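# sequence plus predicted model, see below.
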Amino acid sequence: MTEIFDVVIECIDNIYNTEEVWQSKDQTKEELLDFLNNLNNEQFMKIRGFFETMPKLSKEVKYDCPVCNKHHTKLLEGLDSFF
């Protein structure tokens, strides 16, 4: 879950309510993490939904394993392929 929060924090530009606007560049990582941790489930699910439905790059990679000498195919797609 920490990796997801790190990605979301990097994508935040501004945080605002009806009266104030805060720029993320003026906040510490801990402050932004506190903001995310204080979101209710519905709010966080909206953010998650945004990331799940956004366009993503995928690539099918074919390779030969030097250990088992077998041919493999792997689909690299989204953050799950890297974390």
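Yep, it's here. Numbers count the residues shown, from 1 in each chain.
# host element of Phe51?
Here Phe51 sits within helix 41-53, counting by DSSP states H and E.
# packing partners of that helix?
helix 2-11 (3 or more Cβ pairs under 8 Å, 6 or more residues apart in numbering; DSSP states H and E). (C-beta placed from N, C-alpha, C; glycine too.)
# mind listing the strands the helix or strand following the helix it packs on pairs with, and their directions?
Per DSSP H and E, the first helix or strand lying C-terminal to helix 2-11 is strand 14-16. Next to strand 14-16 in the sheet, as set by DSSP bridges, lie strand 21-23 (antiparallel).
# list the contacts of the strand it pairs with.
13-16 (Cβ atoms under 8 Å, 6 or more residues apart in numbering).
# check which helix or strand Leu75 maps to.
Using DSSP H and E, Leu75 falls within strand 71-77.
# next, count neighbours for Pro66.
6 (other Cβ atoms under 10 Å).
# farthest residue from the center of the chain?
Asn69 (34.5 Å; Cα atoms, centre = their mean).
# tell me the pLDDT at it?
Asn69 is assigned 93 on the pLDDT scale.
# quick check: phi and psi on it?
Main-chain torsions, Asn69, degrees, to the nearest 10: phi 60, psi 30.
# residues contacting it?
Under the criterion of Cβ under 8 Å, 6+ apart, Asn69 has no neighbours.
# the one 4 residues further on too?
When the contact criterion is Cβ under 8 Å, 6+ apart, the partners of Thr73 are 60-62.
# residues in contact with the helix or strand of the chain with the lowest mean pLDDT?
Of all helical and strand segments in the chain, the minimum by mean pLDDT, DSSP states H and E falls on helix 2-11, at a mean of 87. With contacts defined as Cβ under 8 Å, 6+ apart, helix 2-11 is touched by 24, 29, 32-33, 36, 47-48, 51, 79, 83.
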